[in-house]
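**Q** this is the structure alone, sequence omitted:
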């Protein structure tokens, strides 16, 4: 196998009053010429290693996949049960409060991993379920040029892939993109693949 454990971007992120301890990061190295790096984000309760064999089997030899592990934290949706999660989820309704602090901590962690790549490498985010939501949130940060906190977003993402996920902070994204011609231009030029299963 061509993946290995790595400490790329691992460790704590302080955001607001909380410290988020991210788990181990796994890397699937490209088998061909390295042309792109994609951070693959797992679903709730999984680990970075959960997807490495699948990613290695894809006929995409020029992509390096970085597979971080989310922090273990209490998730309100599950009655406070501790599990790996990129951010807290209260419920799945449109009226739920978004955990912007947790979203920003994870988006910062992802951006830090991508900031180590060479300038000629295309950068992307992808994920499944909660990981898909996190990938879409990172794409939103790219489009708006800033995190939810207002701090500048430093990465030039060139693609986002979301499998069976949702867009966190969706209530405010539309108005913020419509209020900025630059954000609208970036949104129109960022390729996003969004897929759902028949029973999602």
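**A** Cool, the structure landed. Since the structure is predicted, the reported quantities are computational estimates derived from the model, not experimental observations. Numbers count the residues shown, from 1 in each chain.

**Q** break down this protein into its strands, ranges please.
**A** Ranges of strands within the chain are 3-6, 11-15, 18-22, 25-28, 36-41, 63-67, 72-75, 81-84, 122-128, 159-163, 192-195, based on DSSP state E.

**Q** ends of stretch 59-67, what's the gap?
**A** Chord length of stretch 59-67, first to last residue, is 18 Å (Cα to Cα, to the nearest Å).

**Q** same question, stretch 80-87
**A** Using Cα to Cα, one end of stretch 80-87 lies 13 Å from the other.

**Q** report the buried residues of it.
**A** For stretch 80-87, burial by neighbour count (16 or more other Cβ atoms under 10 Å) applies to 84, 85, 86, 87. Yep, even glycine has a C-beta here, placed from its N, CA and C like the rest.

**Q** got it, and stretch 91-107?
**A** Within stretch 91-107, the residues that count as buried by 16+ other Cβ under 10 Å are 98, 99, 100, 101, 102, 103, 104, 105, 106, 107.

**Q** now do stretch 131-139
**A** So, applying 16+ other Cβ under 10 Å, buried residues of stretch 131-139: 131, 132, 133, 134, 135, 136, 137, 138, 139.

**Q** contacts for that stretch, please.
**A** Applying Cβ atoms under 8 Å, 6 or more residues apart in numbering, the contact partners of stretch 131-139 are 39-43, 46, 86-87, 103, 106-107, 110-111, 125-127, 157, 160-169, 190, 192, 194.

**Q** emit the PyMOL select command for whichever of the residues you listed are buried.
**A** The PyMOL command for the buried members of the contacts of stretch 131-139 (criterion: 16+ other Cβ under 10 Å) is given here:
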select buried, resi 39+40+41+42+43+46+86+87+103+106+107+110+111+125+126+127+157+160+161+162+163+164+165+166+167+168+169+190
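
**Q** so where's this structure shaky on pLDDT?
**A** Where the chain drops to pLDDT under 70, the residues are 1-18, 200.

**Q** the helices in it, which residues?
**A** Applying DSSP state H to the chain gives helices spanning 52-57, 100-114, 130-144, 170-178, 181-189.

**Q** could I get the ones you listed as TSV with distance to residue 150?
**A** Below are the helices of the chain laid out as TSV (distance: least, Cβ to Cβ, whole Å):
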stretch	distance to residue 150
helix 52-57	34
helix 100-114	10
helix 130-144	10
helix 170-178	11
helix 181-189	14
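
**Q** residue 77 is nearest to which of those helices?
**A** Counting by Cβ to Cβ, residue 77 lies closest to helix 130-144 out of these; the figure is 10.1 Å.

**Q** thinking again about what came up before, pipe the buried residues of stretch 80-87 into CSV and attach distance to residue 29 per row.
**A** Below are those laid out as CSV (distance: Cβ to Cβ, whole Å):
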residue, distance to residue 29
84, 24
85, 27
86, 24
87, 29
